[in-house]
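1. please work out how this folds:
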Amino acid sequence: MEGNNCGHRPTIPRWFSPPPKHTRPKIISKIIDEIQQYYVDPTSIIPSLNLANGSNRQQRSERRESCVSVLGCLLHYLDLASLRVGIPQPDKSFNGISMPFIAKKAGLTLKRTERAMKDLVKSGLITVYPLCEKLTDTVYKGYAAVRTISRKLFTLFGMGGRLKFEREKASARQRKHTRKEELKGKAKVELMIDGILANSSSGKGGRTRELKNIKEILNSS
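-> Presented below is the predicted three-dimensional model:
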């Protein structure tokens, strides 16, 4: 009987499955599919990952499955413009995803996920930036680390040029979105000023002139 106590079956590997209704750029979906080749031929597909455990022997199938699943999860949550892994927040900040979150999405135990992450870091495919907040001189609060994915992963699968193009498109989309939000914010301020001026009993006074000056500055920006 094939398999082991962690549920791994060598002939039927389990891959990361994107959450329903999560739409990602096609280059992301394609690279997630392409990296599955590593499971079949690790020595030639991603040699640095195969050697990450410090042995010249081929990486065990259980470990290859974990690496592909974890890498698939990281790629799904990849921000193309910055190559950071995480989830953008409404306040424009960027939150990394935690190891338990990755383990759950990849369908692995936390231990297998941590081992796979170490291999991915050693291979040079992933870089990890731990985050923490200093509360006191001796107490720190940790946050989910922000990880970046190396461009060489896409190059290994012949997508280096396409990645550059898609990153430029992603950056343009972000700039457009930022400008749109700035214009919305400016419009709200202008409406507020117009309302105050309309309700003012007099068109004169220091406060009224100040509000008009602010509106002129907004219109000139």
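2. tell me how far residue 98 lies from residue 160.
-> As judged by CB to CB, to the nearest Å, residue 98 and residue 160 stand 30 Å apart. Every residue, glycine included, has its C-beta placed from N, CA and C.
3. one more: residue 147?
-> Distance from residue 147 to residue 160, counting by CB to CB: 20 Å.
4. the two: which has the busier surroundings?
-> The neighbour comparison of residue 147 against residue 160 (other CB atoms under 10 Å) goes to residue 147, with 22 against 13.
5. wait, what's in contact with that one?
-> If you count contacts by CB atoms under 8 Å, 6 or more residues apart in numbering, residue 147 has them with 74, 84-86, 96, 126-129.
6. which of those has the weakest pLDDT?
-> Among those, residue 129 has the lowest pLDDT, at 87.
7. please name the nearest non-neighbouring residue to it.
-> residue 146 (4.8 Å; CB to CB, 6 or more residues apart in numbering).
8. am I right that residue 94 is in contact with residue 85?
-> No. Distance between residue 94 and residue 85: 9.6 Å, which falls outside the contact criterion (CB atoms under 8 Å).
9. what do the two both touch?
-> Counting by CB under 8 Å, 6+ apart, the residues touching both residue 94 and residue 85 are 79, 146.
10. run a quick neighbour tally on residue 135.
-> Counted by other CB under 10 Å, the residues lying close to residue 135 total 9.
11. re earlier: more neighbours, residue 94 and residue 85?
-> residue 85 (25 against 13).
12. what residues are bridge-paired with the nearest residue to that one once chain neighbours are set aside?
-> Spatial nearest neighbour of residue 85, excluding adjacent residues (CB to CB, 6+ apart): residue 147 at 4.4 Å. Listed by DSSP bridges, the beta-bridge partners for residue 147 are residue 85, residue 128.
13. okay, helices next: where are they in this structure?
-> Remark: helices assigned in the chain by DSSP state H are 26-34, 37-40, 42-45, 47-50, 61-76, 99-106, 110-122, 151-156, 160-199, 206-220.
14. among those, which comes closest to residue 137?
-> For residue 137, the closest of the helices of the chain is helix 99-106, at 27.4 Å, according to CB to CB.
15. for the closest one, which positions count as buried?
-> By 16 or more other CB atoms under 10 Å, the buried positions in helix 99-106 come out as 102-103, 105-106.
16. same deal with stretch 76-93?
-> 76-81, 83-86.
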